[in-house]
Structure formats: C-alpha cells, structure tokens
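> Task: produce atomic coordinates for the following.
(chains A and B)
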Amino acid sequence: MNKADIVDVLEDIAVLLELKGENPFKIRAYSGGARVLETMEDDLGEVIAEGRLGSIKGIGSALVDKIETLHATGELEYYTKLRASIAPGLIEMLDIPGLGGKKVKKLHDALGVESIDALKAACEAGEVSALKGFGQKSEEKILTGIANRAAYAKRHLWWEARTVAEPILAGLRDLPQVEQAEAAGSLRRLKETVGDLDFIVASSEPQAVMDWFVGQDSVQEVTAHGETKSSVRFESGLQADLRVVLMAQFAFALHHFTGSKEHNVAMRQRALSRGYSLSEWGLKPSSNSGSGEMEVGSGELEVSSEQELFEFLGLQMIAPELREGMGEVERYELGGDSVPSLLELSQLRGVFHNHTTASDGRGTIEEMAEAAEALGFDYLGLADHSKASYQANGLSDARVLKQLEQIRAFNESGESAVHVFSGIECDILADGSLDLEDRTLAALDYTVMSVHSSFSQSEAEMTARVIRAIEHPGTVMLGHPTGRILLRREPYKIDLQKVIDAAIANKVIIEINANPKRLDMDWRLWRRAAEKGLMCAINPDAHSTEGLAYYAAGVNIARKGGIPTEQILNCRDCAGVAQWFAERR
DNA sequence: GCCGTTTTCGGCCCGACTGTTTTCAGTCG
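You can find the predicted model right below:
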C-alpha cells in the first residue's frame, strides 16, 4: 500500500475512534500521525527499510507497527475490525454541523440510528429532543443540517471565494468603527480551495461591526452572533466568520485565525518551550513556567504586527501562505539557513501556454497580445491544442506551421510591444508518443506536452507514458501533470516523484497550470522539487483574454511552494526566455 | 497513542459560542 492510502487509513481510524468515544488524545495521535506521514518528503519504502520510521516525531511504536504492516500487506486487522464495528452512516453524520463524535455516539446508543435517514425520522418523531443533552433547537439544527448537507460540505475555489470576500472586506474597512480589517484563514493562506471565510477586525465598538456583518443583503442565515464572533451563511452555502478584537490583540488574532491549525500548534509549542503561552488574545508567561515571580497576566506582551510576534519567538516573518505546518517554523529560525524570497506578481515578464481561436480559445493572436500588453508583459506564449484533441479543434501539423507564419508576421509587423513566442500544447498519446511530427515541434519556439486522454491507465502505464514524452528531445514543458480538476475530477494515477526526476534529468520545465480549477502541479510538491533543481513556468492556460489574469493564481502557488525566482522562467526577460528555448532545442 | 535537558507517568494548544443546563459539555476552528 502506498503512502497516500496509508494516510487515508490512519485518518479513517481517527474518525472511527471518535465515534467509539475514545480518548481524544489517542484520536489526535492517529490524525497527527497521518499528517506527519503525509508531509514526510522521503520515500516511505526507504524510510521503513532504513528503520527510521520510529524516529520521526509523532510516530511512536504503535504507529510504526501499523504503518509497516499496511505498507507490506495492504491490510490491518485492527482497522478491519474497527471498521466492521461502526455503521458507515455514523461517519456521514459527522458532516452535520453541531454533531461531533460524542453526540453521534449518543444518538446511536440511545436511539439506534445508523443512517442519516434514520436520524431524520427520529428528529421528525421528536425522539431526539427528548434525549438528555439535546433539545428542540438541536433537533431543528440537525434537520436543517441534513437538508443542506451537500451545500455545507462543499469547498470553494480560492478564486471564487476571493470575489465574495473582497467586497465584504472593503465594507468592513469603510465602517467608521473599524481600525483595521483583514481576511484570514485559508483564503489568506492562498489555499487552492477555501472552506469558509474568516474576517478579523480591530475595533473598540464590536457591536456595530457585528450588526453590519450579519445584516448584509447577501446573508441567508445567521449561525452565530456573540460578543466577539459572528457567523453567517450565504446562499451558495459558503460560511463567513467575523471576529472583532481590540487593536492590541489584532496581530495575535490575525495570526491565530490565519492558521493553519498545524502551524498554530507548532507556534504554541515553540512559545511554550520558551516559557510563554500563545493564544488568539496574546502572549503571556505560561502559568507553569516555574519561576514564581511570573504571575499570569502580569507580563502580557504587546506586538503591533505579526512580524513582531514571529521575531519575539526567534523567527523570521513567515508569509501567511507558508503557514501550513510543513516545517516552516523550523526553517524560518532567525539566523538559520537563508530561505528563498517569494515571487511577486510584478516579477513576471510574460506567460506561456495560452490558446487562441485557432483551437478552442476565444481571442485572436492580436487580441491576446494586446491583453498581455495591458497586463504589462513583455512577451506572450501561444500554445494551442494539437489534432488529437479533436473536441478542442486541435491543430494538424500543417495548421501549426500556418499559425507559426502568422506569429512571425505579427512579431515582424512591430504593431505590438509584446513578443509572441510560438508554441503548441501537444497531446501525449496513450503510449507516450507525441501527436505531431518531430520537425513540426522543432520549428516552434517551444512546446508544452499534456495528457488529455486515456485517464484511466494504471499508475505504471501513466508514469511511463509521461516520462517517455519528457525524454523526447522536442519537449520543453510538461503541462498540468495530474490532470486534476479541483472539486470535480481526481488526478489521474501517476508517480510524480519519478516524473519530477525525469524532468530534471531532461531539463524539462513543469508548469504550474494557473487555471484556478487546476493549479497543477500541486504546491505541496514544489519546494522539494525546486530544491532538486526543477524549473517552473507559470501558465495561465488562458482560453480568452480575460483568462490571462489567472496568472495571479499561479503566482500564489509558486509562493506557497517557495520556488526561488531564478527557477521560474517567467521571471526572465524576453532574451533570457529565448535563450532557454534555444539551448533546450 | 505520543512524548520527555525537571517527568517513562501524566500530561497533551486554547478559547468562543451554543444549547442545554443551573455550572457545563460538546463542537468548532
């Protein structure tokens, strides 16, 4: 069993133990172990072979046994028995807001409900409100939760969540009572998808701010309305939380609610190890720090920014998008190894992999170049589909060469300050051969090779297929390496570590497909891949002039992945890009 | 179940909000 599947099993175990009413710290040990395994960058097989699994923090002897058994046999008796003892319907019930492990267990033990349907019937019969610990409101909330389950569970693309968040943030900042306001949470961390929106406001008049927030026209339901926190839900199912704090607490609150949860745990542990207790309200000497002279509340520390908070804990400023609990707290130690500076939007000189009316795009060469110029770019890469992508009106060899002539004429006309690089998004056929003739590929400035068919191949077949394409001398870039469509289509099975190694060995660039629905290759893989030498290109995959703007989502991913700017082709000037292509061909 | 330069046992990040209670448990982030 591979690492990802083992991670799933450990997470399953944690959920099942929750429904059993197990010790919460034991549950956390399993979910924590899953997390550690997931973010471990070394090959699991090697780690096990070298006997290093048990020396990883968060994985003790019990987890070593279970992980090794799963890795070797794909089965685990403990897990099988545990799963058999819990009705699958109970796991689904955890998705209903307000129901956690203990309440689901109680509903099951007291009423015998084992499915959402049975729970619904029990609520409608008034059996739930009759239970100790439940009441009328609980019953209603459960019924509402069941009715809206699909919408509540949904995550939202970062790009779309941002368009909802921006006017709310602007509205908050316009209020006279508001001193400072920021969006926090996964939106601020630039995650590819966002569960809900979080807003942090500094104000000494919280009530007025809360009232404005819950009174917005777009609010469909107010789910909480307290003294410092309010929550609302919009029609789309998207939930937004607002927290109002005093200015002195703002940096702490902003840091806390930006998260991630794992980052916060690491920061609190760091604070504790230095004798301080960190919370969303502030930083104070911890009560058990030993020296009796430190009374709780007597040494509250003040910081005016997140940067000061990090510095107090001996850290460089960690950008929000890096706070994923993936070792950043250790890496950003003051005076430690230098960390790469993060890409800025303004550093991009152009973008690659965009479509025109020649295949399935909506803009002409001229229109796309004009839009690129408006964005301040020096160059634009055009890469239409090749003929195997019949549904996208892909180009034959002859049509590619015709377009190449059009691009040359456009560049020579001098009508645009933007230089257009001629490329193609060439299909990688099922056997790993390419959809166009070698001489066609060689005539172009550059190529992007992508998989658009036979998604259901085995991992071994798909990996071999893509590596064969990478090894072709006509290949310059690899397009969207997993084919995933966020929230809609799973990635196809592929061993990306092998693909990354092949790309490095063959000097092939892997793209960050910046379409907000793709963001592929995933940010989680970039830091390690970049350290090994992989080059990156940020490719909006624009199918219209408006689509060029997606490059900003690609910049997010490059930042999250911590890719040094020297390894991002878009940061080079026109001559530098031309040189890279020339050396590669 | 994990962990330890005070600890191999007894802790484990912390606090708001809700609904149900009458002082608090459960959920959530």
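> In the stretch 351-500 of chain A, which residue sits nearest DNA strand B?
When distances are taken as Cβ to the nearest atom of the strand, the stretch 351-500 of chain A reaches nearest to DNA strand B at A:Leu487, 17.5 Å away. Glycine gets a C-beta too; all of them are placed from N, C-alpha and C.
> Settle this for me: that residue is touching A:Val194, isn't it.
No: contact criterion Cβ atoms under 8 Å: A:Leu487 and A:Val194 do not qualify, at 10.8 Å.
> can you list residues touching both of the two?
Here A:Leu487 and A:Val194 have A:Arg155, A:Leu157 as joint contacts, going by Cβ atoms under 8 Å, 6 or more residues apart in numbering.
> which parts of the stretch 301-450 of chain A sit against DNA strand B?
If contacts are counted using Cβ under 7 Å from any atom of the strand, no residue of the stretch 301-450 of chain A sits beside DNA strand B.
> got the buried residues for the lowest-mean-pLDDT helix or strand in chain A?
Among the secondary structure pieces of chain A, namely its helices and strands, helix A:149-153 has the lowest mean (mean pLDDT, DSSP states H and E), a mean of 74. Applying a neighbour-count criterion of 16 or more other Cβ atoms under 10 Å, one finds A:Arg149, A:Tyr152 buried in helix A:149-153.
> Convert the C-alpha atoms of it to PDB, please.
Taking Å, rounded to 0.1, in the frame of the first residue of the first chain, the C-alpha atoms of helix A:149-153 are listed here in PDB:
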ATOM      1  CA  ARG A 149     -25.700  18.800   3.800                       C
ATOM      2  CA  ALA A 150     -24.400  18.900   0.200                       C
ATOM      3  CA  ALA A 151     -24.000  22.700   0.100                       C
ATOM      4  CA  TYR A 152     -22.400  22.900   3.600                       C
ATOM      5  CA  ALA A 153     -19.800  20.200   2.800                       C
END
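> Check which helices and strands the very next helix or strand once past it sits against.
Proceeding N to C from helix A:149-153, the next assigned helix or strand is strand A:156-157, under DSSP states H and E. Using 3 or more Cβ pairs under 8 Å, 6 or more residues apart in numbering; DSSP states H and E as the contact test, the elements touching strand A:156-157 are strand A:193-194.
> which outside residues touch the strand it packs on?
Applying Cβ under 8 Å, 6+ apart, the set of residues contacting strand A:193-194 from outside is A:Arg155, A:His156, A:Leu157, A:Trp158, A:Ala161, A:Gly185, A:Ser186, A:Leu187, A:Leu486, A:Leu487.
> mind listing what it pairs with, with the direction of each?
Each strand pairing with strand A:193-194, determined using DSSP bridges, is listed with its direction: strand A:156-157 (antiparallel).
> got a list of contacts for the next helix or strand after the partner strand?
Using DSSP H and E, the helix or strand that follows strand A:156-157 towards the C-terminus is helix A:158-174. Applying Cβ under 8 Å, 6+ apart, the set of residues contacting helix A:158-174 from outside is A:156, A:178, A:181-183, A:186-187, A:190-194, A:197, A:199, A:201, A:209, A:212-213, A:216, A:234, A:236, A:238, A:240, A:242, A:516, A:550, A:553, A:556.
> mind listing the strands for the stretch 51-200 of chain A?
When assigned using DSSP state E, counting those that start in this stretch, the strands of the stretch 51-200 of chain A occupy the ranges A:156-157, A:180-183, A:193-194, A:196-202.
> which stretch among these comes nearest DNA strand B?
The closest approach between DNA strand B and any of these, judged by Cβ to the nearest atom of the strand, belongs to strand A:196-202 at 6.0 Å.
> Identify each buried residue in the helix or strand that the closest one is followed by, please.
Using DSSP H and E, the next helix or strand after strand A:196-202 towards the C-terminus is helix A:206-214. Under the neighbour-count criterion of 16+ other Cβ under 10 Å, helix A:206-214 has A:Pro206, A:Val209, A:Met210, A:Trp212, A:Phe213, A:Val214 buried.
> Could you dump those residues into CSV and include pLDDT and distance to A:Glu306?
Below are the buried residues of helix A:206-214 laid out as CSV (pLDDT from 0 to 100; distance: Cβ to Cβ, whole Å):
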residue, pLDDT, distance to A:Glu306
A:Pro206, 91, 21
A:Val209, 93, 21
A:Met210, 92, 24
A:Trp212, 93, 26
A:Phe213, 93, 23
A:Val214, 93, 27
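> Low-confidence stretches in chain A?
Within chain A, the stretches falling below the threshold (pLDDT under 70) are A:287-299, A:585.
> Contact partners for the closest residue to A:Val222 other than its chain neighbours?
Residue nearest to A:Val222 in three dimensions, not counting chain neighbours: A:Val214, with 4.8 Å by Cβ to Cβ, 6 or more residues apart in numbering. By Cβ under 8 Å, 6+ apart, A:Val214 lies in contact with A:Val222, A:His225, A:Ser230, A:Val232.
> Check those residues for burial and list the buried ones.
A:Ser230, A:Val232.
> Select, from the contacts of A:Val214, the two members most distant in space.
Longest distance between any two of the contacts of A:Val214 is 8.7 Å, between A:His225 and A:Val232; criterion Cβ to Cβ.
> Just list what the helix or strand hosting A:Glu262 packs against, helices and strands only.
Taking DSSP H and E as the criterion, A:Glu262 maps to helix A:261-273. With contacts taken as 3+ Cβ pairs under 8 Å, 6+ apart, helix A:261-273 sits against strand A:276-279, helix A:328-331.
> about what we covered before: could you measure from the residue nearest to A:Val222 over to A:Ile200?
Distance of A:Val214 to A:Ile200, computed by Cβ to Cβ, to the nearest Å: 16 Å.
> likewise A:Glu221?
With the distance defined as Cβ to Cβ, A:Glu221 ends up 22 Å from A:Ile200.
> between the two, which one's more packed in?
In terms of neighbours (other Cβ atoms under 10 Å), A:Ile200 is the more surrounded of A:Glu221 and A:Ile200; the figures are 28 against 13.
> The more buried one reaches A:Asp241, doesn't it?
No: with contact taken as Cβ under 8 Å, A:Ile200 and A:Asp241 are classed as non-touching, separated by 9.3 Å.
> Mutual contacts of the two, please.
Both A:Ile200 and A:Asp241 are in contact with A:Phe257, where contact means Cβ under 8 Å, 6+ apart.
> Distance of the residue lying closest to A:Thr193 once chain neighbours are set aside relative to DNA strand B?
Excluding the flanking residues, the one nearest A:Thr193 by Cβ to Cβ, 6+ apart is A:Arg155, at 4.2 Å. In this view, A:Arg155 and DNA strand B are 12 Å apart by Cβ to the nearest atom of the strand, to the nearest Å.
> Report the contact partners of A:Arg155.
Neighbouring residues of A:Arg155 by Cβ under 8 Å, 6+ apart: A:Thr193, A:Val194, A:Gly195, A:Leu487.
> again with A:Ser230
Residues touching A:Ser230, when contacts are defined by Cβ under 8 Å, 6+ apart, comprise A:Met210, A:Phe213, A:Val214, A:Val222, A:Ala224, A:Asp241, A:Leu242.
> The helix or strand hosting the fifth one and DNA strand B, any residue contact?
If I follow you right, that is A:Ala224. A:Ala224 is located in strand A:219-225, with elements delineated by DSSP H and E. Yes: looking at strand A:219-225 against DNA strand B by Cβ under 7 Å from any atom of the strand, the contacts come from A:Ala224, A:His225.
> same thing with stretch A:25-37?
Yes: contact of stretch A:25-37 with DNA strand B is found when judged by Cβ under 7 Å from any atom of the strand, involving A:Phe25, A:Lys26, A:Arg28, A:Ala29, A:Tyr30, A:Gly32, A:Gly33.
> Okay, buried residues for the helix or strand where the third one lies please.
In this structure, A:Arg28 is located in helix A:24-39 according to DSSP H and E. If you call a residue buried by 16+ other Cβ under 10 Å, then helix A:24-39 has these buried ones: A:Ile27, A:Ala29, A:Tyr30, A:Ser31, A:Gly32, A:Gly33, A:Ala34, A:Arg35, A:Val36, A:Leu37, A:Glu38.
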